[in-house]
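K.L.:
For reference, the sequence and a predicted model appear below.
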Amino acid sequence: MKKVIAANWKNNCSKDFINKYFSFFNANIKINQKSKKEIIFFPPDLYLDLVSQSIKDLSGINYGCQNLNINENNTTLTGGSTSAMLEDMNCDYVIIGHSETRENEFNKSLKSKILLCKKMNIIFCVGENSLERQNNQTLKKIFSQLDELIESYFDNMSIIIAYEPVWAIGSGETPTLSNISQTHKSIKKYIIQKLPSIKENDIIVLYGGSVTEKNAGSILKTDFVDGVLVGGASLMAEEFTKICNIEF
Ligand code: 13P
């Protein structure tokens with residue numbers, strides 16, 4: 001199965017940053033038709049067009065958006081980006097339910113977002129906070145978040161989950177490899193139980209939270225890990241290119 005290596009740039013970007021970033025990345029990335037990997041960039045919406053123009057014309061490198069907005073009651077939403085607009089920008093992917101945006105979202109709005117994605121593949125984020133971890137509530141929390149996705153499942157929807165423990169994001173801490181593996185295995189098992197038509201190989205589970213050049217290789221080689229969603233380290237062209245060039 002191919003590995004997914006995704007860069008979530010969050011709210012960091014400028015035109016100059018993109019120009020410098022891709023002049024390094026395009027010159028140093030090792031990817032070809034046979035590579036069993038897909039690289040995905042998630043820039044802020046304002047820079048989607050520039051990123052799409054900057055990506056070297058190679059299959060296996062795509063881009064997407066970090067969220068989408070819905071106007072629940074058909075009202076207007078100043079500053080919002082709708083799924084139709086993001087699909088018009090040819091986004092291949094959308095991140096839904098990142099812990100940094102979940103705070104202001106209700107279960108119902110996450111489900112509405114999922115149902116609006118007609119062309120974009122969803123990367124659905126789940127993960128426990130430190131209190132839930134201390135109280136051994138990790139899987140309970142993750143399963144309840146997975147239910148949001150499962151209840152909105154539609155035919156031919158690709159299932160891509162990012163397991164991002166909230167306490168690991170930006171902290172320099174990560175779960176042990178064995179914990180990551182067990183949690184990913186449980187995520188796959190739970191989805192198959194609830195959606196028996198889905199095969200294990202159809203479920204992609206990425207790990208996110210303090211992934212760096214140093215730990216990416218071992219995380220990517222861990223059982224049940226299908227890729228990584230990288231935050232801070234993806235902002236450094238050299239470091240992210242090294243992560244992308246890891247051989248499996
Ligand atoms: P860090 O890699 O900076 O911990 O962020 C992870 C993340 O939130 C990716 O979506």
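P.N.:
Here it is on my side, so go on.
K.L.:
Need the three-state assignment for the residue of the chain positioned farthest from its centre.
P.N.:
Distance from the C-alpha centroid of the chain, by CA atoms, centre = their mean, peaks at T75 (28.8 Å). Each residue gets one of three states, and T75 gets coil by DSSP: H, G, I helix; E, B strand; the rest coil.
K.L.:
Same check on Y153?
P.N.:
coil.
K.L.:
Neighbours of the residue lying closest to it once chain neighbours are set aside, how many?
P.N.:
Distances taken as CB to CB, 6 or more residues apart in numbering place L195 nearest to Y153, at 6.0 Å, with adjacent residues excluded. From N, CA and C alone the C-beta is placed, and that goes for glycine too. Here the count is done by other CB atoms under 10 Å, and L195 has 15 residues near it.
K.L.:
Likewise for A216?
P.N.:
So A216, with other CB under 10 Å, has 21 neighbours.
K.L.:
In a helix, it, correct?
P.N.:
Yes: according to three-state DSSP, A216 belongs to a helix.
K.L.:
picking up where we left off before, isn't the residue nearest to Y153 right up against I150?
P.N.:
Yes: L195 is within contact range of I150, at 6.1 Å (criterion: CB atoms under 8 Å).
K.L.:
ok, which stretches of this protein are helices?
P.N.:
All helices of the chain, identified by DSSP state H, fall at 15-28, 48-54, 83-88, 99-102, 107-116, 130-134, 138-151, 177-194, 213-220, 237-244.
K.L.:
residues touching the closest residue to the ligand within the chain, list them.
P.N.:
The nearest approach of the chain to the ligand comes at G231, 2.2 Å away (CB to the nearest ligand atom). Neighbouring residues of G231 by CB atoms under 8 Å, 6 or more residues apart in numbering: N8, K10, I169, G170, G208, G209, V211.
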